[in-house]
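Novice: below are the sequence and a predicted model; questions follow.
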Amino acid sequence: MMVWPTRKMEALRNDERGSMVIETAIVAPLLILMALGGFESSRIVARQTELQTAVAEAAAIVRASPPTTATQRTTVRDVVRASVGLGPEQVTVVQKFRCGTDVNMVAQESACTPGVAVYDYIEIVVTDTYNPTWTQFGAGSAINYRVERLVFIS
């Protein structure tokens, strides 16, 4: 006549008071990870867009008023740095030349063969690094950005 343990077991089986806590304990970490991933992914894309926009603005400045001196190129670099909050080593604005139909660029116009058409360009390069939150937990690594723009001057 062991009726009592059977009734007690059935009462425990039908008791749903703790089920919400158990379900929350299972689902909450997954939802938090998904939210963090979505947030970090949007920040990664936003930073890439911000860098591309800054380089596009610099290219527009270069097209409007070609920087022929080192001081003018430094001014363009400083404009880009100020717009995206980067250090001086993360933004470069360099004058380059193409000799005739050669694919490679050279740093000096004098490197071209005399009599060959010389084309003048300004190269704008922006680099940055972003460390997503998940890297603090040993997952993944830093995101390295490199945005380049080559602007034809003459």
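Specialist: Perfect, I can see it now. Predicted model only: the values in this text are computed from it and were never measured.

Novice: helices or strands up against the helix or strand containing Met34?
Specialist: Using DSSP states H and E, Met34 sits in helix 19-64. Secondary-structure packing of helix 19-64 (3 or more CB pairs under 8 Å, 6 or more residues apart in numbering; DSSP states H and E): helix 70-84, strand 118-130, strand 143-152. C-beta: built from backbone N, CA, C; applies to glycine.

Novice: could those go into TSV alongside distance to Asn104?
Specialist: TSV is the format used below for the helices and strands packed on helix 19-64 (distance: least, CB to CB, whole Å):
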stretch	distance to Asn104
helix 70-84	21
strand 118-130	12
strand 143-152	13
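
Novice: so which of the ones you listed is nearest Ser110?
Specialist: strand 118-130 (9.6 Å; CB to CB).

Novice: then Thr92 would be within a helix, right?
Specialist: No - per DSSP: H, G, I helix; E, B strand; the rest coil, Thr92 lies outside any helix segment and is strand.

Novice: my guess is it contacts Arg146. True?
Specialist: No - the pair Thr92 / Arg146 is not scored as a contact, 11.0 Å apart, by CB atoms under 8 Å.

Novice: what residues are shared contacts of those two?
Specialist: Here Thr92 and Arg146 have Val125 as joint contacts, going by CB atoms under 8 Å, 6 or more residues apart in numbering.

Novice: and these two? Which one has more around it.
Specialist: Neighbour totals were compared for Thr92 and Arg146, and Thr92 leads with 15 against 9 (other CB atoms under 10 Å).

Novice: could you check how far the residue lying closest to that one once chain neighbours are set aside is from Leu86?
Specialist: In this structure, Thr92 finds its nearest non-sequential neighbour in Val125, 4.8 Å apart by CB to CB, 6 or more residues apart in numbering. According to CB to CB, to the nearest Å, Val125 and Leu86 sit 11 Å apart.
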